Every structure is written in structure tokens, then in C-alpha cells.
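1. Sequence and computational prediction follow.
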Amino acid sequence: LDVAQKVLAKSKHGDLFPEEKLFPEFLFEEAESLDKECFYGRCVGFQFCSSMQPIFHTISTAMASFAEAYSDHDGQLTRALASLLNSGKYAMNPELRARTIVSMCDKADISFCKAFWNITEEGPLQHVSGFLGSSVNVNKVFHIPAMPFDMESSLDDGEMVTITPPCSLTGPGPVQVRLMCFENREGQPEDISSPILDQVEEKLSGKKKVPAPKSDALIIHIHGGGFVAQSSKSHEMYLRTWAKDIDVPILSVDYSLAPAHPFPRAMEECFFAYAWALKNAHILGTTAERVCLAGDSAGGNLCVAVAMRAANYGIRVPDGVLAAYTPFLIRYTPSPSRLLCMMDPLLPMGILSRCIAAYAGLKEKKPGEDVSSSSSTTSSTPQLSTPEHNFSSARLVFDPSPTEPKRSGEGAAAPKLLFANSSGGMCEVHTPSPSPPSGDAPNNTDIPVLTVETETAVIPGKQNPEQTTDLLKEPHFEDIALSPYEEDSGESEWSLTDKQTEVDTPSGGITSDETSPQEGSDGTEKGRPVEEDPNRPSSLSLPSLPSLDEISMAISKMTESKPEEVALPSSPVRSPSGAAVVTRYKMSPILNNPYMSPLLADDELLKGLPPVYLVPCALDPVLDDSIMFARRLKALGVQYKLHVVDELSHGFLNFTSICKEARQANDLCINNLLEMLGRRPRGGRVATPTKKL
């Protein structure tokens, strides 16, 4: 709270984000040096509803055990087994779990975040949505060919607008998307529906299944994941609910991820997929009379960017945008809500800053270093291998392979291994990417195949040595204070000070590193006083310590004092491991790009937006982004709705199957989508505490 007040003091009246030029550097260090271990131990997730707390206990245990396995092992299977074996000790020892998580947030690079957040897309966990989620008849992944096409302008001038495929950084390439629909509709290819469901239904009814009529609406979804991880597969749980309850086709975009593909690659791919869907809506099973964009977290940011670019290009703008817990300012700028990163189980401060830097293509900057802003990836000359194909008539090509195809460009980045260096920090070692087995690669016979060789630049980890502390009891004497300890060979050493006088042990003024005369190990007689060291300062002698009666009396006075008389600490509690190494990122002009940070867009771009529905969380680190973005829209006369959800965390849409409050908040999002599509919202199911502003 003290740091939050200082942040607001450096901000203009009515603004929640201070100007970075006026924000002093020491406040960054003060915020990051606060003791954060207490928020990741026994009380992790205490600020959320009771049904969310067991979820975060499980997530924090998994994060700590995976962090240990990630640093000790290389293989995916080995890490999974090690994480399972390590989970027991972290579940039983909350303090150890908290120390591991805080240390991981200080040292781990973005590759750890990608590996941990992608757990739900690998192994048995990737099939959970199919068992727990609503059943859908259409759930297919395909690729949009990287071919330009023309669209009619929305300006009624009769001109055509050419839409070019995404080509930044790695050259042109196809865009992977997922089509989900509750039932098979007219216009969709015959092989798009689930063959098993079709066969069962045909046998039960005795009739061949007839496709349903085309829908009049379409939802284009863009997933979250900090711009660096996850895909439509990770968000399939609530997308299945949307497909069933709203009963319209949903096209989810699997954009390329940072840091291998930083800004603007993801935004270009999402815009290309949006324009392609408008032109080819008939083969998606819809007439696209009403179209809306929906996304959570990073996906909400991309939805707003796509809507602004559509207005700037002069093509049709969506009928509405749903942005759930979305960051609209992609900069490491503190605000009252962003300080919640110090206690958030899903978005710790270190992970949030690294995701921002990865998407912006920036290298890590530490105090005293002058790191020039550059892309986090340096690609060599792209070697494009495009077979000859006839794309004169665009058509869908579905992958017959039963395995989940990888998104475009995922295999380009070399895998990174973490090793501990001599100074205690973490360093990255790149190994060549092995070519995937032929059975794992998607069978794309009718679309361009890109072969791009890239090199991922190393983001240096923090080079501070790993520190360990012993749990010591702090004495409660008025004249004796506990001094800051110093580390020597990895062991913590404490001393008691009375102003500037060191205190010896009660017996004979002997320090802990001297041999007691009673032990006699140095050959002296038992009971013989030890000779004084001439090099030892005279200030080491203290007349006497308080007697036992005086100590008992002091303790009695302390226990008998009233609560209001207890003196509170005058300064915030600092981390027991000392001040953290502050991680920051050099200011770069790309951070001011309006398509990266819509909050910084000029008025003309924002005026072209359709109605925007914002659903942030009250205790979300990116709450202030939605508040300030809503203020800008209100000032410009752009229609918007702001519903602040209480007692839920960032990413609540992914917990709809195991949390009642998350399901109720999901119903709120569904009602917003129904309203955007011109349909009547459902009543009676939205019971989550919200604040409509």
C-alpha cells in the first residue's frame, strides 16, 4: 500500500499509470525487494473466493515441483516424472514451496513460462476438455493458405482492399485455426464433423444426418497465454460451452508465439484470419451477418488491435469485442493493481515483465547495464520451401492426421537448456532442434510448407548468487536489534548489535568462532581465562546483559499491553534474502505502438472501434488497464460496458469446470456475446458478484 500511494503520487490526477520519465528508479527497487514469500506459502490465493484457494494450492505446488524438475532434467517425460515425485514435499512444506516459487520468478527465463503453461497441451491433460467439457460435433484444426486476396471496402466507394498474408520477421506463412461448432452446418465440408458421433447418430436414428442451416453469426476467438504460450487447445474447455450455449460457429486463431515471433507477427496473423473468415464465411457454416471478436488476457489485446486495424484498412469492423482480463498497456509500468503481481499466484511480477519483454522483442536489462532494444530473436536468412500448388480457388484443407498439428513456426526456435553457472545464476545453452518424426508432423499436402531457420537470442538470467537463510528467533529487547546478516560461503551469519557495539555470548565474552575454555580443545587448562587478542577491538566487551528477572518483566509488559499500544513496523517487510535484482527493460519506440498498447492509440483509431465489453477481475494485476481503457472510450463516445468480477483471479475462464464462481462469470461473458450478436441474453444464471460501471 505504501508503494501504491507513491505510484499515485507520481501520476496525473485521474490516471492510474505514472509517467515513466517522472517515476523514480528507487521505487522499482523498493517494490521488488518486498518480501513476497509469505504470499506463496500457506496463504496462497487467500484474496480469492474459497473455491479458488484449493486450485491455487495445487497450481503453486505444481509450479514449484516443475521448477525443480525443469532445472535438473531435460526430457519432457523425465521432467514430468520428476515433478510428480517432487510434488509431495512441496505440498507438505508450504514455506519451501514459497521460497522455490519466488526464486523461480527471479531467475527463470521465458522458456520456463512456456514449458509450464503448455502442460495442459501435452500428455493426458490435453484430453481433459474432451471428457469434462460440452460435446461438440465439429472440432477441426486447419491452416489458412498464405495467399493474398481482395475484399470489398466498407466505405461504400466500390473499391477493393487487398489483404496480404502475414510476412513480418519470418516471411509469409499459413495461419493455423480451429473451427468449433455444436452441430454440422450447411456449407461446411462433409468431412468436418466428428465421424464417430455421426455414425452413432445414424445408427440410432436410422437416417443419414442432414446438416443444419447456416448460422447468421460467427465468433472469432483469440486465446490468451501472455503472448508466449498456449493455444486454442488450452482454451477448449470454455469454447465448447460457448459453442453449445450460443450455438454459432467459433473460429479460434492459433497465432505464432513470442519470443520466436514477437510483435507484430501475432497481430498480423489474427488480422489475416479475421479478414479471411469474413470472405469465406460460407464454408464455415455461417452467413456472418453478425460477427464479433472475443479473447481473454493477451487474446483480448489482439482482438482490440484487429478491430482497430480493420477500421484503418477500411474493411468491415466486427459488431463487438469481448475482452476479458486484458492488458491494454504492454509496458512494465507500475500501477496500484499491477503491484498485485507481488502476491498473484498466476502472474508473479517476474513472469509478467518477461512476457511483456518477449512480445515486444526486448532483451533483459539490469541495473548498470545498457542494453539496446532489439528483437529477442535474430533470424537467419529465411529458407522458404513452397511446393507448387494451385490456389486460384481457396478451399479448406483439413488435416487427416489424428495428432494435434503444431502451429506455424513453433519448431523454428532451438530448445533452450538451463544450467547453473559459477556465480549461482542461470545461463542458457542452445542445442540444435531435432527434426520431428514423420508421424508427428501435420499432413499439409495442399498448403505452403515453410522451412525457417531462426536463432533465439539468450535472455540472460539474474546473476545474483542463490541465498539461503536459517529460521532464527528474533529477541524482543529494546536495546538490542537484529543486524542485517552477511553471507559467507553460502552460510548465514547473524550478530546482535547495541547501537554499534557487538554482543558476545553471556559466558566470558566469547564469540561463536572461539573455543570455550571448558572444552579445552586448544590445550589450555579447564577454567583458565582466554588471553585477549590484541587485534580484537576493545568495543567487543559489554558490561552485562539484562538479568533473567528483567527479561521476564519486559516480556510480561509486552504481553499485557493492549493491541492498540503495540508498535507497528515503520517500514515494509523486506525479503529475507536481501534486495532482489531489479529486472527492467529499456524503453523502445515499439512499446508505444498503438497495435501493441491500445491504451496509447490516438483518438482517431479508437473512434473506429465497435462496442467493447470489458470483463476484468477486481484483484487482477491488469485491472487498471481495463479501467483506464474504459475511461478513454467514454471520453471519445465509444460504446462500452465494464463489468468488474469480484473474488476471481486472472484466467478464470480456464477454471469453469472446477469452480462454480468461474462458471457464473463465464455465463456473464456468454450474455455479453449474445448481446453483441443481437440475441437475447439469458437470465437467472449470472450470480457472480460484479460491479457494472
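-> Here it is on my side, so go on. Please read these numbers as outputs of a predicted model, since none were measured by experiment. Residues are numbered from 1 along each chain as shown.
2. Residue 178: which element?
-> Here residue 178 sits within strand 175-181, counting by DSSP states H and E.
3. packing partners for that strand?
-> strand 138-144, helix 236-246, strand 250-254, helix 265-279 (3 or more Cβ pairs under 8 Å, 6 or more residues apart in numbering; DSSP states H and E). (Glycine included, C-beta is placed from N, CA and C.)
4. Mean confidence (pLDDT) on it, please.
-> For strand 175-181, mean pLDDT rounds to 96.
5. ranges for the strands of the stretch 551-693 of the chain?
-> Taking DSSP state E, counting those that start in this stretch as the test, the strands found in the stretch 551-693 of the chain are 612-615, 640-645, 690-692.
6. Now the longest one: average pLDDT?
-> If you average the pLDDT over strand 640-645, you get 96.
7. and the longest strand for the chain?
-> strand 286-296 (DSSP state E).
8. Run me through the strand neighbours of that one, direction for each.
-> strand 215-222 (parallel), strand 320-324 (parallel) (DSSP bridges).
9. What residues sit buried inside the first one?
-> The one in question is strand 215-222. Neighbour counts over strand 215-222 (16 or more other Cβ atoms under 10 Å) mark 215, 217-222 as buried.
10. Any stretches of the protein with poor pLDDT?
-> Along the chain, the parts satisfying pLDDT under 70 run over 22-26, 28, 123-131, 133, 191-208, 364-587, 683-693.
11. Regarding it, what is its longest helix?
-> Ranked by number of residues, the top helix in the chain under DSSP state H is helix 53-72.
12. Tell me the first helix or strand C-terminal of that one.
-> The helix or strand immediately downstream of helix 53-72 is helix 76-92, counting by DSSP H and E.
13. Now for residue 660: which residues touch it?
-> Contacts for residue 660 (Cβ atoms under 8 Å, 6 or more residues apart in numbering) come out as residue 51.
14. and the gap between it and residue 321?
-> 27 Å (Cβ to Cβ, to the nearest Å).
15. Then residue 597?
-> The separation that residue 597 has from residue 321, given Cβ to Cβ, amounts to 16 Å.
16. Compare the two (neighbour count), which wins?
-> Between residue 597 and residue 321, counted using other Cβ atoms under 10 Å, residue 321 has the larger neighbour count: 26 against 22.
17. in stretch 39-55, what's buried?
-> 39-41, 44-45, 47-49, 52-53, 55.
18. Need the max-distance pair from the residues you listed.
-> Maximum pairwise distance in the buried residues of stretch 39-55, criterion Cβ to Cβ, is 19.5 Å, between 41 and 49.
19. Of the buried residues of stretch 39-55, which belong to helices?
-> Per DSSP H, the subset of those in helices is 53, 55.
20. Could you export the buried residues of stretch 39-55 as TSV, including distance to residue 278?
-> Converted to TSV, the buried residues of stretch 39-55 look like this (distance: Cβ to Cβ, whole Å):
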residue	distance to residue 278
39	45
40	45
41	50
44	44
45	42
47	42
48	39
49	40
52	38
53	44
55	38
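21. ok, the buried residues of stretch 39-55 vs residue 69, which is closest?
-> Nearest to residue 69 among those, with distances taken as Cβ to Cβ, is residue 40, at 17.9 Å.
22. Could I get the contacting residues of the closest one?
-> 60, 97-98, 101-102, 345.
23. Tell me which two in those residues are the farthest apart.
-> Among these, 102 and 345 lie farthest apart (Cβ to Cβ), at 12.1 Å.
24. CSV please, covering the strands paired with strand 286-296 and showing distance to residue 190.
-> Converted to CSV, these look like this (distance: least, Cβ to Cβ, whole Å):
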stretch, distance to residue 190
strand 215-222, 18
strand 320-324, 32
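25. How much space separates residue 79 from residue 120?
-> 15 Å.
26. ok, back up a step: partners of the strand holding residue 178 in the sheet?
-> strand 138-144 (antiparallel), strand 250-254 (antiparallel).
27. Relative to residue 354, which of these is closest?
-> strand 250-254 (21.8 Å).
28. Please export the C-alpha coordinates of the closest one as PDB.
-> Provided in PDB are the C-alpha atoms of strand 250-254 (Å, rounded to 0.1, in the frame of the first residue of the first chain):
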ATOM      1  CA  ILE A 250     -16.400 -20.400 -33.400                       C
ATOM      2  CA  LEU A 251     -13.100 -19.900 -35.300                       C
ATOM      3  CA  SER A 252     -10.200 -19.700 -32.800                       C
ATOM      4  CA  VAL A 253      -6.800 -18.500 -34.100                       C
ATOM      5  CA  ASP A 254      -3.600 -20.200 -33.100                       C
END
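29. Report the angle between it and helix 236-246.
-> For strand 250-254 against helix 236-246, the angle by axes from the mean of the first three to the mean of the last three Cα atoms, to 10 degrees is 160 degrees.
30. Correct me if wrong: residue 292 contacts residue 674.
-> No. With contact defined as Cβ atoms under 8 Å, residue 292 does not count as touching residue 674 (9.9 Å).
31. So for those two, which residue has more residues nearby?
-> Between residue 292 and residue 674, counting by other Cβ under 10 Å, residue 292 is the more crowded of the two (27 against 18).
32. Roughly how far does the more buried one sit from residue 611?
-> 9 Å.
33. ok, so what distance separates residue 651 from residue 324?
-> Shown here: residue 651 relative to residue 324, a distance of 9 Å by Cβ to Cβ.
34. got any residues that touch both of the two?
-> Common neighbours of residue 651 and residue 324 (Cβ under 8 Å, 6+ apart) are 296-297.
35. Can you report how many residues lie near residue 356?
-> For residue 356, using other Cβ under 10 Å, the count is 24.
36. In which helix or strand does it reside?
-> helix 349-360.
37. Distance of residue 346 relative to residue 332?
-> 17 Å.
38. And stretch 271-285, end to end?
-> End-to-end distance of stretch 271-285 (Cα to Cα, to the nearest Å): 20 Å.
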